[in-house]
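K.L.:
from the sequence below, what's the structure:
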Amino acid sequence: MKKIQNILLMAIFLSSIFSNVYAEDAAKVEDKGPWTGAGEIGFLMTGGNTNSESLNSKLTLDYTKPAWFNKTAFEAVYNSSEQEDEAGETDMVTSAEKYMGSNKTGYNINDASYLFLLGEYTYDYFSGYYYQTVFNVGYGRRLIKNDRMTLELEAGPGYRFSSIREPGDGDDGEEAIARLSGMYKLKLSEKSDFQQDVSVETGKDTTITKSVSAITAQIVGALAMKASFTLRHDSSPPVDSEKTDRQTGLTLVYGF
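P.N.:
Residues are numbered from 1 along each chain as shown. Purely as a prediction, here's the structure:
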């Protein structure tokens, strides 16, 4: 409970900052400059016959210039529910705790092509790993980019570091990988859009595939509602860990 309270307090603090910035710059909406971003938060607490708490939050920051661009993202997922032990006593037990951070810096060769450097860090307590870190360089191509539709493909070599919890507590695994990814975005209406992100990281020992599908609908002003479904598949997970993880989210999004 303490963890989720701390995350909520941070989210409220960030929201107040973003609100003030938005209020001060309301007259400059048409020219936001090179910086844009979005904050997301979704929270659910139930009580009575079943007690549970869940929180998912995300912060993205984008910097765009004619030649260079940078994309930074932070994400946290937490879930706990009331469970009864063998003695008949109940307690809140954490069932999901995940923190992720990523940064991608790119250089535009022209309007359609670019080079990029990507770094990702994932801490997932229930995945069987202490952490996983990925570094990737590559070439990207904007196949479609207009007011209604965007399609981007990326490919390049990389390296993945994995620290396994069990067996061999603290053992590290390293391998060279090839990474392929794609992003498709479609404007469904004036106030809603669909986005699909897919990535495949394949190495000698493990192939990790991730898919994120999301629909975002504007509520009012900079506030929107987002429904998302994330699917992650690990071809060779640690012992006693599932190959496939699924996550469904419903969040409020504040763009700035």
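
K.L.:
quick one: the strands in the stretch 101-250 of the chain?
P.N.:
113-124, 129-145, 149-164, 171-189, 192-203, 207-220, 223-234, 244-255 (DSSP state E, counting those that start in this stretch).

K.L.:
now the first one, how far from the centre of its chain.
P.N.:
Okay, so that is strand 113-124. Distance of strand 113-124 from its chain centroid, counting by C-alpha atoms, centre = their mean, to the nearest Å, is 12 Å.

K.L.:
about what we covered before: can you redo the strands of the stretch 101-250 of the chain as TSV with mean neighbour count, mean pLDDT and distance to residue 68?
P.N.:
Using the backbone N, CA and C atoms, a C-beta is placed for each residue, glycine as well. Putting the strands of the stretch 101-250 of the chain into TSV (neighbours: other C-beta atoms under 10 Å; pLDDT from 0 to 100; distance: least, C-beta to C-beta, whole Å) gives the following:
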stretch	mean neighbour count	mean pLDDT	distance to residue 68
strand 113-124	17	96	10
strand 129-145	16	95	13
strand 149-164	17	96	16
strand 171-189	15	94	19
strand 192-203	17	97	22
strand 207-220	16	96	25
strand 223-234	17	95	27
strand 244-255	15	91	22
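
K.L.:
among the ones you listed, which comes closest to residue 56?
P.N.:
strand 244-255 (5.0 Å; C-beta to C-beta).

K.L.:
the closest one to strand 223-234, inter-axis angle?
P.N.:
Angle between the axes of strand 244-255 and strand 223-234 is 160 degrees (criterion: axes from the mean of the first three to the mean of the last three C-alpha atoms, to 10 degrees).

K.L.:
contacts for strand 244-255 next, please.
P.N.:
15, 18-19, 36-42, 56-58, 77, 127, 216, 222-234 (C-beta atoms under 8 Å, 6 or more residues apart in numbering).

K.L.:
could I get the strands of the stretch 101-250 of the chain as a markdown table with distance to residue 88?
P.N.:
Listed next are those as a markdown table, based on distance: least, C-beta to C-beta, whole Å:
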| stretch | distance to residue 88 |
| --- | --- |
| strand 113-124 | 31 |
| strand 129-145 | 34 |
| strand 149-164 | 35 |
| strand 171-189 | 38 |
| strand 192-203 | 45 |
| strand 207-220 | 40 |
| strand 223-234 | 36 |
| strand 244-255 | 31 |
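
K.L.:
closest one to residue 62 among these?
P.N.:
Closest among these, using C-beta to C-beta: strand 244-255, at 10.6 Å.

K.L.:
angle of that closest one against strand 207-220?
P.N.:
Using the same axes, to 10 degrees: strand 244-255 against strand 207-220 is 30 degrees.

K.L.:
and the host helix or strand of residue 94, which residues are buried?
P.N.:
According to DSSP states H and E, residue 94 maps onto strand 90-108. Residues of strand 90-108 classed as buried: 96, 98-102, 104, 106, 108 (neighbour count, 16 or more other C-beta atoms under 10 Å).
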